[in-house]
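# Give me the fold of what follows.
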Amino acid sequence: MAAHCSLQTKRLLLDPKFEGYKLSLEPLACYQLELDAAVAEVKLRDDQYTLDHMRAFGMYNYLHLDSWYQDNVYYVDQFGRIMNLSVTLDTALQKPREVFRLPTDLAAYDNRLCASIHFSSSTWVTLSDGTGRLYLIKSGKRGNSTSEKWEIVFNEELGSPFTIAHSVSFVKSDTHSVAVLLLRVEKDELDTKGSGFHITLEWVTIAEISKEGDHRYEILKRRVLQGKSVPHYAAIEPSGDGLMIVSYKPFKFMEGEDNKSEENDDAEATKEKKVADPLYYWQQTEDDVTITVHIPEDITKDDIKVRFSPDSVCVILKDQPPLMEGKLYSSVDHESCTWIIRESKSLEISLIKKNEGPRWPELIVGDTRGEFIMDSSQCSEISESLMHLTSEVMNPNPEKENPPCNAQELEECDAFLEDSASLCRFDGDTLKVTHVINLGSNQYLFSVVVDPKEMPCFCLRHDVDALLWQPHSDQPENMWEHIATFNALGDKSEDLDMIVHCFFYCKS
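Have a look, this model is predicted:
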């Protein structure tokens, strides 16, 4: 079963007294360079009309920053040449330099995507020409005309066109391998109510094979995940053992013929789990929280162990694995918390809130096995508080100068509909989800490479701030580390018919 986790913020990186940014009027550095050939831009076709097509291919960045040599940028021109641009002393761009030429005549393909590049390490590159062919390139030390020599060590047709989402180079058991993640938007004939498309992420591992003195690279594994939305973030762990995905809708591995029975068993188990009764029920007032757990007939008081701490609760029956355990939504006065056994053979736990007043949206962070029960007085109170937002008459006062809500006044960062987005970690051997984080209202903002030897960081909105998280796949107890905070990060969009303001945030 996947572990339900939460992201732990570092309070020292938060600034509750932050007042605002200072507007700088200093001009940003702007470089201009005339190209002898245009960038190989591929526009969306008429049959690529969904939002997922736009997210995956329509907003594609044709400039590829080399995170291992950050003064270097690459692009593919209309002649299929991989061109390198280098920044010289932060003052100028060198003339574009050809480092590689695709063997494929891209103009001969109508059904193609934009070519994509990903730098797997300081000397290895994965390359897609947009037609469905994948290249593995040994580049030498890049950014230096004398040492940079791109050499194809593997290339193969892998089906329908794709773009490269991520790749890593690693050595395991003295064998060099490269794992690459391919992104596709494919037609789904079975989807009659949705967009008619699904998203696939193909996880391909290419390994060096030695046979009778012959060294070459071959595909070792091909695994496919499928989902219904383009992932915000998808990255392979540096060791090649796992994969992390941030997405609005969940992804799952597509099993082969041999594993279909196992997939069916999982589906049945999931179905049974959905119809099963909740593990516990809970209620709350402004002062306390009451939890009710049904226990077996043969359980006595001596068989029950309940541990309270300021931020968590744990319930154990007869030295079995914990029945309930996890981080509470908010702190409690653990010394005042109690529990008793009712005549109805139920365990009743009382938690005293440390901060009176605020209602808890959930009991245990990330735990969906319980059911919240709201009493009639709370229902009436909520209904009364919302009464002023409703009316029995359609548009009862159109002349009112200040309407209760004007969607045009909302900032773009407030228009967040993907409230079920989640972060999942998949194991490469079992093909199962091992860790899940429900991101809730923590809106995904962007990703950035801080250390090329680590996975890319992702930035999430927490209230008004933006928090940067660094995944650490080799640290199970601290798999996602809060490493930086952008205070009051947001953007304000004016009417699209007018001017759009862009704000650049600089953290000193």
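
# For the protein, identify the residue most remote from the centre.
residue 343 (46.5 Å; CA atoms, centre = their mean).

# Wasn't it part of a strand?
No - counting by DSSP: H, G, I helix; E, B strand; the rest coil, one finds residue 343 to be coil, located in no strand.

# Would you map the helices across the stretch 51-200 of the chain?
Using DSSP state H, counting those that start in this stretch, the helices of the stretch 51-200 of the chain run over 51-53.

# er, the stretch 251-400 of the chain I mean
260-275, 376-386.

# For those, which has the smallest mean pLDDT value?
With a mean of 50, helix 260-275 has the lowest mean pLDDT of the helices of the stretch 251-400 of the chain.

# you'd agree residue 98 is up against residue 79?
No - using CB atoms under 8 Å, residue 98 is not in contact with residue 79, being 9.2 Å away. Quick note: C-beta positions are derived from backbone N, CA and C, even for glycine.

# Tell me where the model's unsure across this structure.
Flagging of the chain using pLDDT under 70 yields the residue ranges 1, 89-91, 256-276, 387-420, 490-508.

# what's around residue 336, how many residues?
Counted with other CB atoms under 10 Å, residues neighbouring residue 336 total 13.

# Report the contact partners of it.
Each residue near residue 336 by CB atoms under 8 Å, 6 or more residues apart in numbering is listed here: residue 352.

# What distance do you get for it to residue 351?
Going from residue 336 to residue 351 by CB to CB, to the nearest Å gives 9 Å.

# Same check on residue 294?
Residue 294 is 18 Å from residue 351, by CB to CB.

# And for residue 125?
From residue 125 across to residue 351, the span is 55 Å (CB to CB).

# Next: residue 298.
From residue 298 across to residue 351, the span is 27 Å (CB to CB).

# what about the two, which has more around it?
Of the pair residue 298 and residue 351, residue 351 is the one with more neighbours under other CB under 10 Å, namely 25 against 8.

# Name whatever forms a beta bridge with the more buried one.
residue 289 (DSSP bridges).

# check contacts around it.
Counted by CB under 8 Å, 6+ apart, residue 351 has contacts 288, 289, 290, 291, 308, 313, 328, 332, 337.

# tell me the centre residue of the protein?
residue 246 (1.7 Å).

# can I assume it is in contact with residue 458?
Yes - assessed by CB under 8 Å, residue 246 is found in contact with residue 458 at 6.2 Å.

# Need the residues touching each of those two.
Both residue 246 and residue 458 are contacted by 232, 233, 444, under the criterion CB under 8 Å, 6+ apart.

# which one of those sits closest to residue 192?
residue 232 (26.5 Å; CB to CB).

# check contacts around that closest one.
Here residue 232 is in contact with 246, 247, 248, 421, 444, 447, 458 (CB under 8 Å, 6+ apart).

# Strands - which of those land there?
Judged by DSSP state E, strands contain the following of the contacts of residue 232: 246, 247, 444, 447, 458.

# Quick check: the gap between the second one and residue 456.
To tie it back to what came earlier, the one meant is residue 247. Going from residue 247 to residue 456 by CB to CB gives 15 Å.

# circling back: format the contacts of residue 232 as JSON lines; extra columns: distance to residue 476.
JSON lines is the format used below for the contacts of residue 232 (distance: CB to CB, whole Å):
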{"residue": "246", "distance to residue 476": "19"}
{"residue": "247", "distance to residue 476": "22"}
{"residue": "248", "distance to residue 476": "26"}
{"residue": "421", "distance to residue 476": "23"}
{"residue": "444", "distance to residue 476": "23"}
{"residue": "447", "distance to residue 476": "22"}
{"residue": "458", "distance to residue 476": "19"}
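
# Can you select the buried ones from the residues you listed in ChimeraX?
In ChimeraX syntax, the buried subset of the contacts of residue 232 is picked out as below (16 or more other CB atoms under 10 Å):
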select :246,247,248,421,444,447,458
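
# Just the strands from the stretch 101-250 of the chain, written as ranges.
116-119, 124-128, 133-138, 151-157, 163-172, 175-187, 197-211, 214-227, 233-236, 242-247 (DSSP state E, counting those that start in this stretch).

# quick one: the strands in the stretch 301-450 of the chain?
Ranges of strands within the stretch 301-450 of the chain are 304-309, 312-317, 324-327, 338-341, 346-352, 370-372, 422-427, 433-438, 444-448, based on DSSP E, counting those that start in this stretch.

# follow-up on the earlier one: quickly list what the residue nearest to the centre of the chain is bridged to.
Residue 246 has these beta-bridge partners by DSSP bridges: residue 233, residue 423.

# out of the contacts of residue 232, which one sits closest to residue 35?
Nearest to residue 35 among the contacts of residue 232, counting by CB to CB, is residue 447 at 27.8 Å.

# give me every residue that touches the closest one.
Counting by CB under 8 Å, 6+ apart, residue 447 makes contact with 232, 233, 235, 456, 457, 458, 459.

# Near the fourth one, how many other residues are there?
The number of residues packed around residue 456, counting by other CB under 10 Å, is 19.

# and it, what does it touch?
Neighbour list for residue 456: 166, 233, 235, 447, 448, 449 [criterion: CB under 8 Å, 6+ apart].

# switch to 7 Å and redo it
235, 447, 448, 449 (CB atoms under 7 Å, 6 or more residues apart in numbering).

# Could you identify the most distant pair in these?
235 and 448 (11.8 Å).

# neighbour-wise, which of these two wins?
Between residue 235 and residue 448, counting by other CB under 10 Å, residue 235 is the more crowded of the two (25 against 12).
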